[in-house]
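K.L.:
give me the fold of what follows.
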Amino acid sequence: MASLLGRLSRAVFIRNAANLGRNAGSKYANATGPTLSRTAVSSTAGSIPPKPVKVPFGLTRMTILVVPFLYVGTLISKSFATLLEEHDIFVPDDDDDDD
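P.N.:
Below is the predicted model of the structure:
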């Protein structure tokens, strides 16, 4: 669906840019600029499409999906940092700035 809307918006922009090219010789060519139309909020006939389907528990689903993967990513980075320290590849400096 998103790719279809992308193609439609590009087609509308190209059509309007072509119309602008034809009007390049007129004295108002620079004043008007390309006319962009939004096909996402209306159809080509001018009607307003129905409301999109609302996903129930969208925020809850997102939280249930994101939190475990963030936790797993944290565990992986902790273990990799420990591995780097054990092999003396990266050891953080212990600077005493208590002067």
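K.L.:
in this structure, what secondary structure element scores lowest on mean pLDDT?
P.N.:
Within the chain, no helix or strand scores below helix 29-32, which has a mean of 51 by mean pLDDT, DSSP states H and E.
K.L.:
okay, and for this structure, where does confidence drop off?
P.N.:
1-40, 96-99 (pLDDT under 70).
K.L.:
try it again with 80
P.N.:
1-44, 91-99 (pLDDT under 80).
K.L.:
can you show me the helices along it?
P.N.:
Taking DSSP state H as the criterion, the chain carries its helices at 2-22, 29-32, 58-86.
K.L.:
and the spatially closest residue to residue 48 that is not a sequence neighbour, how many residues sit next to it?
P.N.:
The shortest distance from residue 48 to any non-neighbouring residue, by C-beta to C-beta, 6 or more residues apart in numbering, is to residue 42 (5.8 Å). Bear in mind the C-beta positions are built from the backbone N, C-alpha and C, glycine included. Using other C-beta atoms under 10 Å, residue 42 has 12 neighbouring residues.
K.L.:
cool, and residue 84?
P.N.:
Residues lying near residue 84 (other C-beta under 10 Å) number 13.
K.L.:
list the residues that contact it.
P.N.:
When contacts are counted by C-beta atoms under 8 Å, 6 or more residues apart in numbering, residue 84 touches residue 90.
K.L.:
and it, how far from residue 53?
P.N.:
Residue 84 sits at a distance of 47 Å from residue 53 (criterion: C-beta to C-beta, to the nearest Å).
K.L.:
do residue 74 as well
P.N.:
34 Å.
K.L.:
what's the answer for residue 66, then?
P.N.:
22 Å.
K.L.:
neighbour count: these two, which is higher?
P.N.:
Higher neighbour count among residue 66 and residue 53: residue 66, with 10 against 6, using other C-beta under 10 Å.
K.L.:
who touches the more buried one in this structure?
P.N.:
With C-beta under 8 Å, 6+ apart, residue 66 has no contacts at all.
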